[in-house]
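>>> Turn this into a model:
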Amino acid sequence: MAFLRQLDSSSKACQLAVVPSAVLCAVFSDAFVEMSVKAFELVPAVERDLLMGDKARINIECIECCGKHLYVGTNDCFIHHFLLDEVTSSKGKLSYSAQKLLHKYLGLKKPVAELRAASALERLIVLCDGIVFLIDMVTLETVPSAAGGGAKIRGVTAFCINENPVNGDPFCVEMCVLSSKRRTVQIYMVYEDRVQLVKEVSTPEQPCAVSLDGYFLCLALATQYMILNYNSGASQDLFPYNSEERRPILKRIGREEFLLAAPGGLGMFANAEGVSQRAPVNWSEGVIGAAVCFPYVVALDENFITIHSMLDQQLKQTLSFRDGHILQDFEGKVILASTKAVYVLVPLPLERQIQDLLASHRVEEALTLTEGAQRNIPKDKFQVLHKRILQQVGFIQFSQLQFREAREHFRKGQLDVRELISLYPLLLPASSSFTRCHPPLHEFADLNHLAQGDQEKVLLYKNFLISYLGEVRNTEVVNVCREDVDTALLKLYAEQDHESLLDLLASDNTCLLTDSIPWLEKYHKYFALGLLYHYNGQDSAALQLWIRLADGDLQDSTRTDLFEYIVDFLSSCSNLDLVWTYADWALLKDPTIGMHIFTKRPLSKDVSQLNPDDVITYLGKHSQALLLYLEYLVLERRIQKEKFHTHLAVLYLERVLSLQSQSPTDEAQLTTARERLQALLRESNLYLVQLLLDKMENCEQLLLERATLYGKLEEHERALHILVHQLRDFRSAEAFCLWASSCRDSAYRQQLFHLLLGVYLDGSHRGQSHAVAAGGSGELEMAAVDLLNRHGEVFDAISVLRLLPESWSLQLLRPFLGRAVRASMHACRTSQIALGLAHSENLQLLHDRLKERKKQILVSEKKGCHLCHNTFSEPDVVCLPGAVPVHTHCVAHRVRDSPTKRLLTNSSNHT
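Residues are numbered from 1 along each chain as shown. This next block holds a predicted model:
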């Protein structure tokens with residue numbers, strides 16, 4: 001039978017379970033794996049000649065090491081004491097120099113079975129001929145028994161020392177003993193000159209091997225392994241094992257954790273709870289010894305030493321070693337012995353092992369070994385080592401185009417990004433003081449060495465660097481080298497024609513100007529170069545470059561709207577000297593767009609403002625731009641200054657006169673120009689009316705404009721005379737009345753419409769006395785009728801009826817009379833409603849007054865008015881419904897502001 005691990009559902013640990021051996025062999029029967037890493041070197045410690053000279057029949061039976069002191073027990077009942085000194089050669093190679101200090105015959109004529117050092121007591125615990133006794137570590141003399149006690153234990157098959165003692169006494173050692181006569185385990189306290197039994201525990205079978213940690217005994221019985229707590233008596237069976245077939249192996253490897261030789265050629269880990277939290281190691285069936293030198297498990301069989309990793313359970317190294325029969329670890333030092341000599345298995349430095357793995361590009365194993373070594377290395381030193389290994393792994397993956405993995409390891413290893421940039425020729429600024437890490441993180445000279453001329457790979461490497469630099473440029477990792485990073489990124493963007501070049505230059509950046517200028521010029525990125533000039537405060541240089549681009553002297557297709565961009569740039573430029581210098585170029589190129597320099601300028605405190613008078617003076621030679629700017633001031637910004645309004649009106653008028661003087665006349669342009677002039681004349685109240693009238697004096701084509709100006713002077717009769725008698729434009733005459741009275745009261749509007757009606761009727765009478773044949777009088781009469789019928793509500797009906805000729809029929813005036821009657825009735829009824837509401841309110845107030853008259857009302861200086869919330873200073877008050885006292889003047893305001901009072905005030909004369 002053998003075991004296989006199962007995952008515990010709660011702890012995810014490996015629980016030992018019984019399965020058939022055939023299944024086990026199928027799972028773990030891996031082929032022989034060659035050495036994958038050199039983790040140890042086998043170094044001779046005690047040669048045969050030094051140990052036994054010419055005595056061929058002497059064999060080594062057991063060994064013990066305490067610091068530099070090595071003790072060897074032999075089959076002829078001798079103990080040999082050696083001093084081992086480490087010797088390091090000039091090349092760093094370690095060797096051992098052994099000096100024999102003493103040897104001692106124990107006198108029992110049996111092999112020395114086992115030795116254990118108790119350095120705190122300066123004693124060696126010896127098992128020979130079934131007897132455990134104490135000898136002095138220095139003299140090798142047997143320690144005599146103390147009075148009342150004993151220093152020997154008889155009938156012993158095996159013993160072990162508790163390396164995690166539960167007794168707090170520093171001057172004694174805890175020892176576990178297996179009896180040859182009884183199925184028991186005995187716990188002793190060992191002192192300098194005596195041993196004392198403190199506990200005896202029975203076992204279900206005769207134990208043949210034991211290991212002890214704290215209260216936990218790991219036992220190899222005749223047929224199985226088990227864990228036994230000698231303090232509580234609790235036990236846990238592990239897995240079956242036949243001790244008659246092969247020698248059991250039990251090794252304490254850490255706190256409450258043991259390594260056991262399991263069936264099927266497995267090294268199994270088990271903790272005090274009987275759970276395996278590590279995967280098993282697949283070693284050979286014939287293992288005769290095992291030891292742990294973290295993170296490796298060393299196993300010894302008849303021909304080889306095999307070294308497996310505890311981290312990934314892989315075979316890492318195999319060493320040939322014949323006739324070996326002892327393998328033990330002493331405080332991290334692994335010692336082996338054949339029958340004739342002693343050797344030390346010297347671990348190579350972990351960093352060297354990791355570097356060997358990296359050199360063969362086995363990055364996963366290197367990372368596993370690094371992380372597993374954390375507990376054996378001081379925290380600060382480990383952090384430095386771990387970061388460096390991550391960086392090296394990142395470069396290996398980078399060279400293999402595994403960019404996602406490389407990015408992650410660069411990030412975790414906090415790589416100085418200049419290490420990566422330095423692989424790309426000319427990307428680092430010439431002024432950079434960076435030098436590569438020593439020893440180097442990789443073996444590559446530059447990108448050309450990496451890509452070996454493959455341009456597709458070169459492009460992949462550059463795209464990765466663009467992505468990586470864009471990701472890290474705003475992190476703390478690049479704070480000390482931001483100039484190098486931003487400059488390298490700019491060069492890559494320019495070379496690859498990357499869309500993010502403009503984003504980089506438009507945002508906060510530290511690109512070096514001296515390095516960037518030739519690179520941007522090389523790839524014709526002149527617009528981007530202008531942005532860089534601007535970011536570095538050289539706006540004049542930026543504008544000069546952009547103007548050369550806009551004029552076609554340089555070629556760069558980055559922006560098709562470059563002219564508009566320059567105008568927008570000037571409109572927000574705080575340097576007014578630059579604005580005046582380059583505005584002339586923009587106005588000559590396109591006055592309409594160039595005018596935005598002045599009209600689109602932000603009206604904020606952060607931007608220097610232009611004086612409109614200075615702009616108007618500057619635009620004197622640009623007539624179209626001047627007109628646009630005055631429109632901006634008057635129509636958009638609504639600046640209320642007479643000179644701007646007059647100037648704009650004069651320009652409008654001059655434009656109209658200019659178009660009228662052309663032959664042939666462009667009617668569409670003339671119509672548009674007159675509409676603009678007329679709109680300004682109507683809407684503005686600030687221009688000099690008389691000045692414009694003087695300019696139009698001899699122009700009979702601008703009668704409508706003259707009428708508007710007369711309206712501004714309130715010479716309405718003169719204006720209406722032009723509209724009615726000269727232009728015969730009755731619709732415009734009505735519109736004039738509406739416009740001229742738009743901001744006045746209804747009486748003023750009524751006056752204007754009565755004036756217009758009078759003009760119609762007066763003209764009609766004059767027309768009857770002159771040329772009636774021309775039809776003029778009839779036309780004016782119809783205009784008068786239409787005016788009355790369309791605007792009947794404006795007129796005073798009684799006054800109109802007195803003006804109208806008696807010859808007019810009622811049928812002709814029916815619409816006017818109907819609207820007049822309806823308006824009169826509406827006013828009368830509205831007045832009646834208002835009177836009714838006032839009467840109702842008065843009755844309600846009288847009722848409330850009578851109701852409240854007999855109630856007492858308390859008024860004091862501490863009490864406040866309900867309406868104004870101020871306190872009372874005199875006893876005269878008015879009581880509102882609900883016995884609420886208020887000031888008399890507050891009630892007066894309330895009555896005055898009541899809806900009924902307002903209706904009465906606004907009612908017409910018909911009430």
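
>>> Every contact and neighbour count from this point should use C-alpha atoms.
OK.

>>> Okay, the closest residue to residue 387 other than its chain neighbours and residue 351: tell me how far apart.
Setting aside the residues directly before and after it, residue 387 is nearest to residue 413 in space (Cα to Cα, 6 or more residues apart in numbering), at 4.2 Å. Separation of residue 413 from residue 351 (Cα to Cα, to the nearest Å) stands at 16 Å.

>>> In terms of packing, which of the two has more residues around it?
Between residue 413 and residue 351, counted using other Cα atoms under 10 Å, residue 413 has the larger neighbour count: 21 against 15.

>>> ok, now how distant is the more buried one from residue 388?
In this view, residue 413 and residue 388 are 7 Å apart by Cα to Cα.

>>> on that earlier part again, correct me if wrong: the residue nearest to residue 387 contacts residue 390.
Yes: Residue 413 sits in contact with residue 390 when judged by Cα atoms under 8 Å, with a separation of 5.1 Å.

>>> List phi and psi for residue 99.
phi -120, psi 120 (degrees, to the nearest 10).

>>> and it, bridged to which residues?
Residue 99 forms beta bridges with residue 83, as assigned by DSSP bridges.

>>> Ranking helices and strands of the chain by mean pLDDT, which lands last?
helix 21-28 (a mean of 32; mean pLDDT, DSSP states H and E).

>>> got the domain boundaries for this protein?
Structural domains of the chain, as assigned by automatic domain parsing, span the residue ranges 10-348, 714-835, 856-911.

>>> Among those domains, pick out the one with the most neighbours on average.
With neighbours defined by mean count of other Cα atoms under 10 Å, none of the domains of the chain is more surrounded on average than domain 10-348, at a mean of 18.

>>> Run through the protein and note the low-pLDDT ranges.
Applying pLDDT under 70 to the chain flags residues 1-36, 146-150, 763-777, 852, 854-855, 881-882, 897-911.

>>> can you do 50?
For the chain, the stretches with pLDDT under 50 are 1-35, 147-149, 769-775, 900, 902-911.

>>> In it, which helix is the longest?
For the chain, the longest helix by residue count, based on DSSP state H, is helix 814-852.

>>> Packing partners of that one?
Here helix 814-852 is seen to pack against helix 776-790, helix 899-906 when contacts are counted using 3 or more Cα pairs under 8 Å, 6 or more residues apart in numbering; DSSP states H and E.

>>> Would you map the helices across the stretch 101-250 of the chain?
Secondary structure of the stretch 101-250 of the chain (DSSP state H, counting those that start in this stretch): no helices present.

>>> ugh, wrong one, I meant the stretch 251-400 of the chain
Assigned by DSSP H, counting those that start in this stretch, the stretch 251-400 of the chain shows helices spanning 350-359, 363-372, 379-399.

>>> so which of the domains of the chain comes closest to residue 647?
Set against residue 647 and scored by Cα to Cα, the domains of the chain come closest in domain 714-835, at 22.3 Å.

>>> chain center to that closest one, what's the gap?
Between the centre of domain 714-835 and the centre of its chain there are 76 Å (Cα atoms, centre = their mean, to the nearest Å).

>>> Between the two ends of it, how far is it?
The first residue of domain 714-835 is 40 Å away from its last residue (Cα to Cα).

>>> again, but for stretch 52-65
Counting by Cα to Cα: the opening and closing residues of stretch 52-65 are 19 Å apart.

>>> thinking again about what came up before, show the subsequent helix or strand relative to the least confident helix or strand of the chain.
Towards the C-terminus, the helix or strand next in line after helix 21-28, according to DSSP states H and E, is strand 40-46.

>>> how close does residue 505 sit to residue 511?
Between residue 505 and residue 511 the distance, using Cα to Cα, works out to 8 Å.

>>> Between the two, which is the more surrounded one?
For residue 505 versus residue 511, neighbours defined as other Cα under 10 Å are more numerous around residue 511 (24 against 21).
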